[in-house]
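> sequence first, then the predicted structure, then my questions.
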Amino acid sequence: MSFPFDFRPFEIPAEFDALRQEVRAFLRDASSEWTGWKIGQSWTGFNREFSKEVGRRGWIGMTWPKQYGGHERSQMERYVVLEEMLAVGAPVGAHWIADRQSGPLLLRLGTQAQRERFLPGCTRGELAFCIGLSEPDAGSDLASLRSRASRVEHGWRLNGRKIWTTNAQDCDLMIGLFRSDSSAQKHGGLSQFLIDMRSSGIDVRPIRDLTSEAHFNEVTFDDVFVPDDMLVGIEGDGWSQATAELTFERSQPDRYMSAFPLFCTLVGTVRDSAVADRLACRRIGETYAELVLLRQMSLSIAGRLAAGQSPAHEAVLLKDLGNTHEQGMPGLVRELLDVPATIDRPYKLSELQAILTEISPMFSLRGGSREILRGITAKGLGLR
Ligand SMILES: Cc1cc2nc3c(=O)[nH]c(=O)nc-3n(C[C@H](O)[C@H](O)[C@H](O)COP(=O)(O)OP(=O)(O)OC[C@H]3O[C@@H](n4cnc5c(N)ncnc54)[C@H](O)[C@@H]3O)c2cc1C
């Protein structure tokens with residue numbers, strides 16, 4: 001049997017330590033200005049001013065060509081910036097999707113005019129993108145989506161419904177997947193469109209989660225006109241275009257670092273209190289070992305992506321293990337500290353724990369659910 005996973009050791013070169021210190025110092029100084037967001041939500045925390053400042057510092061579109069406002073730096077430098085942002089739960093939502101997948105998609109498949117029009121705004125933190133894939137009856141089985149794009153003079157008319165669209169209420173643009181040819185087979189006849197979220201006919205309705213936040217939405221399209229030049233890539237090729245994005249979406253540190261601020265706070269609390277017994281040390285040690293392993297896996301995938309490869313199976317495995325790790329963190333806090341902790345860290349442990357308990361069920365749904373990921377792994381191993 002051939003083993004489908006290829007993880008190679010990868011380290012971030014020491015020469016990027018200075019960048020890490022620079023980002024860390026910026027985040028320390030800026031943290032007092034970020035009001036109105038909750039720690040632990042990180043990339044669902046939407047703060048335009050924060051993103052513009054990050055853009056001014058050259059930390060969005062870091063690897064993109066300079067001609068589109070990018071900085072032509074390495075994937076590993078970008079990785080350093082991502083890690084530092086997530087480590088403190090910074091509110092990166094206004095630039096995260098553009099930086100992680102919409103921008104790279106346009107660089108790969110967009111027209112020259114699309115790149116020139118949209119990428120510089122992304123790198124300045126001024127253009128926010130959302131992802132329009134899931135529909136009410138098409139989540140895991142995405143290819144059964146029914147929202148359609150009909151040809152009209154000079155463009156397309158979009159009709160249908162998208163759901164769970166993160167930050168749609170605040171975003172400028174969506175890259176949405178629509179059925180442009182209903183006679184084609186299930187995975188064919190799908191196309192991706194750049195959609196101006198202010199177009200007439202778009203209705204965005206918030207959906208509240210357990211924390212009563214409304215960061216995701218239902219988006220309805222009622223005869224929305226999209227001009228010809230907003231088609232992304234090849235008409236009818238949307239399935240392979242959209243699924244290629246998923247390797248980027250599933251392999252980054254945001255797939256295992258959602259609970260990192262809670263872990264740091266837990267370690268600090270245990271260290272400062274009388275509960276640093278053998279059990280606490282052992283459990284924290286085990287969890288730390290998991291983190292080191294996940295980071296190595298993620299770095300290995302980042303290294304292979306930078307080399308132009310597409311380690312899709314590895315990304316699936318990382319996301320599954322990473323989600324399990326993140327979801328276990330609130331339980332670890334309960335296990336080690338059975339009284340609400342009162343020690344003030346930068347963030348209150350009890351508050352963080354409560355938020356993470358409520359939002360962590362989402363971790364193994366967003367970006368592909370656990371069962372689906374395990375199905376892909378099983379297929380890779382020849383078990384299905
Ligand atoms: C926080 C969050 C943010 C999101 N943001 C976005 C976004 O910005 N844009 C976007 O397009 N989507 C977004 N999503 C949607 C996400 O991609 C879907 O929730 C996910 O793909 C699952 O689809 P579903 O919710 O329809 O669940 P379903 O597909 O109905 O699945 C429900 C359950 O059944 C299981 N299941 C389904 N099919 C099978 C099968 N064949 N075998 C075994 N088990 C199965 C699933 O694993 C899951 O546990 C977001 C979701 C969350 C939670």
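Arrived safely.
> just the pLDDT for G58.
On pLDDT, G58 comes in at 98.
> check S350 too.
pLDDT, S350: 78.
> quick check: next helix or strand after the helix or strand hosting it?
S350 is part of helix 349-363, with elements assigned from DSSP states H and E. From helix 349-363 onward toward the C-terminus, using DSSP H and E, the following helix or strand is helix 370-380.
> list the buried residues for that following helix?
Of all the residues in helix 370-380, those buried under the rule 16 or more other Cβ atoms under 10 Å are I372, L373, I376, T377, G380. Yep, even glycine has a C-beta here, placed from its N, CA and C like the rest.
> okay if I get these as a markdown table plus pLDDT and distance to the ligand?
As requested, the buried residues of helix 370-380 are exported to a markdown table (pLDDT from 0 to 100; distance: Cβ to the nearest ligand atom, whole Å):
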| residue | pLDDT | distance to the ligand |
| --- | --- | --- |
| I372 | 92 | 5 |
| L373 | 92 | 8 |
| I376 | 90 | 11 |
| T377 | 91 | 13 |
| G380 | 85 | 16 |
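> what's whatever residue of the stretch 51-200 of the chain ends up closest to the ligand in contact with, if anything?
Nearest residue of the stretch 51-200 of the chain to the ligand, counting by Cβ to the nearest ligand atom: G139, 1.8 Å away. Residues in contact with G139, defined by Cβ atoms under 8 Å, 6 or more residues apart in numbering, are I163, W164, S369.
> buried among those residues? Need that as a selection in PyMOL.
The following PyMOL line selects those of the contacts of G139 that are buried, judged by 16+ other Cβ under 10 Å:
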select buried, resi 163+164
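> save the contacts of G139 as JSON lines, and put in distance to P311 too.
Shown next, in JSON lines, are these (distance: Cβ to Cβ, whole Å):
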{"residue": "I163", "distance to P311": "29"}
{"residue": "W164", "distance to P311": "26"}
{"residue": "S369", "distance to P311": "20"}
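> show me which of the contacts of G139 is closest to S31.
Proximity of the contacts of G139 to S31 (Cβ to Cβ) peaks at W164, which lies at 29.2 Å.
> show me what contacts the closest one?
Counting by Cβ under 8 Å, 6+ apart, W164 has contacts S134, G139, I207, F216, N217, R366.
> ranges for the helices of the chain?
Secondary structure of the chain (DSSP state H): helices located at 17-30, 48-56, 75-87, 93-97, 103-109, 112-123, 238-251, 260-272, 278-306, 312-336, 349-363, 370-380.
> who touches the third one?
Just to be clear, that refers to helix 75-87. With contact meaning Cβ under 8 Å, 6+ apart, helix 75-87 is reached by 12-13, 16, 19-20, 23-24, 27, 42-43, 54, 59, 62-63, 92, 252-254, 257-258, 260-261, 264, 299, 302-303, 305-306.
> what about 6 Å?
Identification of contacts with helix 75-87 by Cβ atoms under 6 Å, 6 or more residues apart in numbering yields 12, 16, 19-20, 23-24, 42, 59, 62-63, 92, 253-254, 257, 260, 302, 306.
> give me the buried positions along it.
Judged by neighbour count using 16+ other Cβ under 10 Å, the buried positions of helix 75-87 are M76, E77, R78, Y79, V80, V81, L82, E83, E84, M85, L86, A87.
> cool, the longest one as well?
Along helix 278-306, the positions that meet the burial threshold by neighbour count (16+ other Cβ under 10 Å) are 280, 284, 287, 290-291, 294-305.
> before we move on, what about the second one?
For helix 48-56, burial by neighbour count (16+ other Cβ under 10 Å) applies to F50, S51, K52, V54, G55.
> still on that earlier bit, which one of the contacts of W164 is nearest to L106?
Lowest distance from L106 to the contacts of W164 (Cβ to Cβ) belongs to S134, with 21.1 Å.
> ok, the closest one - contacts?
I163, W164.
> mind redoing it with 8 Å?
Applying Cβ under 8 Å, 6+ apart, we find S134 in contact with L142, K162, I163, W164, T165.
> cool, and M257?
Going by Cβ under 8 Å, 6+ apart, M257 touches S42, E83, L86, A87, E326.
> adding distance to the ligand and pLDDT, write the residues you listed out as a markdown table.
Shown next, in a markdown table, are the contacts of M257 (distance: Cβ to the nearest ligand atom, whole Å; pLDDT from 0 to 100):
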| residue | distance to the ligand | pLDDT |
| --- | --- | --- |
| S42 | 12 | 68 |
| E83 | 21 | 93 |
| L86 | 16 | 90 |
| A87 | 20 | 88 |
| E326 | 12 | 92 |
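> can you get me a residue count around the nearest residue to M230 once chain neighbours are set aside?
Spatial nearest neighbour of M230, excluding adjacent residues (Cβ to Cβ, 6 or more residues apart in numbering): L194 at 4.3 Å. Here the count is done by other Cβ atoms under 10 Å, and L194 has 22 residues near it.
> okay but L194 is in contact with R117, surely?
No: the pair L194 / R117 is not scored as a contact, 9.2 Å apart, by Cβ atoms under 8 Å.
> which bits of this structure sit near the ligand?
Within the chain, the residues that sit near the ligand (Cβ under 6 Å from any ligand atom) are 130-134, 139-140, 164-166, 216, 362, 365-366, 368-372, 375.
> at 5 Å instead, please
Residues of the chain found near the ligand (Cβ under 5 Å from any ligand atom) are 131, 133-134, 139-140, 164-166, 362, 365-366, 369, 371.
> which of these lies closest to F178?
L133 (10.4 Å).
> low-confidence ranges, the stretch 201-350 of the chain, go.
Within the stretch 201-350 of the chain, the ranges that satisfy pLDDT under 70 run 274-276, 338-347.
> taking it, what residue is nearest to the ligand?
F216 (5.1 Å).
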